[in-house]
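[1] sharing a sequence plus its predicted fold:
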Amino acid sequence: MTTLAILGGTGHEGSGLGLRWAKAGHTVLIGSRTAEKAQAAAAELNAKLGADSVRGLDNLSAAQQGEVIVLTVPYSAHAATIESVRDAVQGKIFVDVTVPLVPPKVSRVQMPAAGSASQEAQNLLGPNVRVVTAFQSISAEHLKDSGHPIDCDVLVCGDDKEAKAVVIALAKDAGMQAWDAGPLANAVIPEGLTSVLIGLNIRYKVKSSGIKITGINS
């Protein structure tokens, strides 16, 4: 079992992932800009779990104590959050779930100059941090219902094979099928797909469109 620090974990995506990982037996640390907000979110998850397996901390403390770091903040807080924990995450796996959405046109793909939010994270954190991108296309609504099957696949990109294998295993623990989608340079695809899916949700009046990889025997 792994100690997972979810930075920005008070939001729907982060708390949904935390709920599923805690249910699978992992130690989950919910991080936030303030410890009080994180503690309130942790208490809510523990009430759902019927156990005290989730703790709430400020982002820096969570990053210091976590073995695998998961970033689930809005893109507007992406760089500042990374810079605030940079020293604490050296040598660790850093899973970036951020999507570079630029309101109000969130259904339009708009990638940063670095190519993707995850590549931006790697540039900010340096070579000693193994950045992996994953989970962008998963509905937060379904994540928070731990009994709901997730009929959507996860694309995992990164430059370290071992780190990607860890994230693929974590996806499985959370009830998802994940695939090695190549190097971090490919993160532009899963990150960009989120805007496409948002557009599909709006256009076809649904809440949780997703993707499935076919033709592979898992």
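    Structure received.
[2] so which helix or strand takes in the closest residue to V109 other than its chain neighbours?
    The shortest distance from V109 to any non-neighbouring residue, by C-beta to C-beta, 6 or more residues apart in numbering, is to G192 (4.2 Å). For glycine as for every other residue, the C-beta is placed from the backbone atoms N, C-alpha and C. Assessed by DSSP states H and E, G192 sits inside helix 188-204.
[3] those strands in the protein, which residues are they?
    Remark: strands assigned in the chain by DSSP state E are 3-7, 27-32, 54-58, 68-71, 93-96, 130-133, 153-158, 177-180.
[4] output those as a markdown table; include the columns mean neighbour count.
    Shown next, in a markdown table, are these (neighbours: other C-beta atoms under 10 Å):
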| stretch | mean neighbour count |
| --- | --- |
| strand 3-7 | 27 |
| strand 27-32 | 28 |
| strand 54-58 | 24 |
| strand 68-71 | 27 |
| strand 93-96 | 28 |
| strand 130-133 | 28 |
| strand 153-158 | 25 |
| strand 177-180 | 17 |
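[5] in JSON lines: those, plus mean pLDDT and distance to Q119.
    Below are the strands of the chain laid out as JSON lines (pLDDT from 0 to 100; distance: least, C-beta to C-beta, whole Å):
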{"stretch": "strand 3-7", "mean pLDDT": "98", "distance to Q119": "18"}
{"stretch": "strand 27-32", "mean pLDDT": "98", "distance to Q119": "22"}
{"stretch": "strand 54-58", "mean pLDDT": "98", "distance to Q119": "27"}
{"stretch": "strand 68-71", "mean pLDDT": "98", "distance to Q119": "14"}
{"stretch": "strand 93-96", "mean pLDDT": "98", "distance to Q119": "9"}
{"stretch": "strand 130-133", "mean pLDDT": "98", "distance to Q119": "8"}
{"stretch": "strand 153-158", "mean pLDDT": "98", "distance to Q119": "10"}
{"stretch": "strand 177-180", "mean pLDDT": "97", "distance to Q119": "17"}
